[in-house]
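Engineer: next come a sequence and a model predicted from it.
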Amino acid sequence: MSKIIRVEKWHDVIYSMWIKAPQIAMKVQPGQFIILMIDEKGERIPLTVADYNREEGWVQVVFQTAGTSTMKLTQMSIGDELFSFVGPLGKPSEIKKYGTVITIGGGTGIACVHPITRALKEAGNKVIAILGARTKELIIMEEEMQEASTELNITTDDGSYMRKGFVTEVLKEILQREKNVRKVWAIGPAIMMKATCAVVKPFGIDVIVSLNAIMVDGTGMCGSCRVTVDGQTKHTCVDGPEFNGHLVDWREFMNRLKRYTELEKLSLKMYEKQCQRK
Ligand code: NAD
Ligand code: FES
């Protein structure tokens, strides 16, 4: 059992939770994720770690309500215990001194890119961060990202805050201006990660993406999270979640992300009906 020690609602659909998990906090590295279960019969929810504190023994996650399980998670409060909180899972980001690097976070992907950005800066890199969301209220962790990066750029699709447009537009400008960018990290919706790869490709720079494949066991046994990278089958939970974005089969990945959409809608409808009856 892992106790929830802090909960914040950042937006109608975005929540952050701090979980007491000393052993995970001690070991976790940027880029890794956890899998939590609300109760014994619950779905396993994989979430990338947004922050952690080794001395205080907590791990922070950020999630967006998308289906029944994340809706149930929003009903939990301080002092409640999660049935399970397993991690750290996946391979850590390759943090070293590259020179100049760019980190991009789209929507709740901003939370995932935060520890990576901070670690890259601590390793001596010049880290140019780009954050993007549909509208001002959906830009999260701005202060933390300001501190974690060397230069922070913010875009909103509707122009309600900072630059109007997608993250890829600012990225293009930065790549034209900065001649020594060594690597790019992009975490967010699949379409954003794919578009980032397309923008970066002509510059001959590597792009690392973090794939949010649908997971079940998280140990490489079930095959749910399989993706094709460079023509080879990989399991996101054990071989990733980070991969070279230029080598990902984006068509397959995006199709596989949609495979439970109808069932998820049905499950959410049933859950909402149950809540109304209570
Ligand atoms: P969103 O659709 O609002 O997009 C966020 C940002 O991505 C946009 O503001 C824009 O700058 C960029 N973007 C979107 N479409 C683009 C396009 N066609 N070309 C270029 N840039 C584009 O995102 P959201 O609704 O906040 O949803 C977050 C998504 O991120 C969810 O689908 C979630 O599953 C995913 N996510 C992924 C990870 C991961 O590990 N990859 C982590 C957290 C969240
Ligand atoms: Fe089952 Fe990755 S989640 S193999």
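Structural biologist: Cool, the structure landed. Because the structure is predicted, anything quoted here is derived from the model rather than measured. Ligands and ions are numbered 1, 2, ... in the order given.

Engineer: ok, now which ones touch Ile45?
Structural biologist: By Cβ atoms under 8 Å, 6 or more residues apart in numbering, Ile45 lies in contact with 35-38, 63, 69-70, 73. Bear in mind the C-beta positions are built from the backbone N, C-alpha and C, glycine included.

Engineer: could you rerun that using 6 Å?
Structural biologist: 36, 69 (Cβ atoms under 6 Å, 6 or more residues apart in numbering).

Engineer: ok, Asp249 next?
Structural biologist: Here Asp249 is in contact with Thr228 (criterion: Cβ under 6 Å, 6+ apart).

Engineer: measure it to ligand 2 for me?
Structural biologist: Asp249 sits 16 Å away from ligand 2, taking Cβ to the nearest ligand atom, to the nearest Å as the criterion.

Engineer: and what of Pro30?
Structural biologist: Pro30 is 20 Å from ligand 2, by Cβ to the nearest ligand atom.

Engineer: please name the bridge partners of Asn153.
Structural biologist: For Asn153, the beta-bridge partners are Ile130 (DSSP bridges).

Engineer: that one: neighbouring residues, count only.
Structural biologist: 19 (other Cβ atoms under 10 Å).

Engineer: okay, it: pLDDT?
Structural biologist: What the model reports as pLDDT for Asn153 is 98.

Engineer: shouldn't it be in contact with Val170?
Structural biologist: Yes. Between Asn153 and Val170 a contact is recorded at 4.9 Å, counting by Cβ atoms under 6 Å.

Engineer: let me know the pLDDT of the closest residue to ligand 1 within the chain.
Structural biologist: Nearest residue of the chain to ligand 1 (Cβ to the nearest ligand atom) works out as Gly107 at 2.0 Å. We note a pLDDT of 96 for Gly107 in this prediction.

Engineer: same check on Lys269?
Structural biologist: If you check Lys269, the pLDDT there is 72.

Engineer: element containing it?
Structural biologist: In this structure, Lys269 sits in helix 261-277 according to DSSP states H and E.

Engineer: repeat that for Glu173.
Structural biologist: helix 167-177.

Engineer: ditto for Met71
Structural biologist: Here Met71 is assigned to helix 68-74, by DSSP H and E.

Engineer: C-alpha coordinates for that helix, CSV please?
Structural biologist: Presented in CSV, the C-alpha positions along helix 68-74 are these (Å, rounded to 0.1, in the frame of the first residue of the first chain):
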residue,chain,number,x,y,z
THR,A,68,-12.9,5.3,-15.8
SER,A,69,-9.7,4.6,-14.0
THR,A,70,-8.3,8.1,-14.1
MET,A,71,-11.8,9.4,-13.1
LYS,A,72,-11.7,7.0,-10.1
LEU,A,73,-8.2,8.3,-9.2
THR,A,74,-9.6,11.9,-9.0
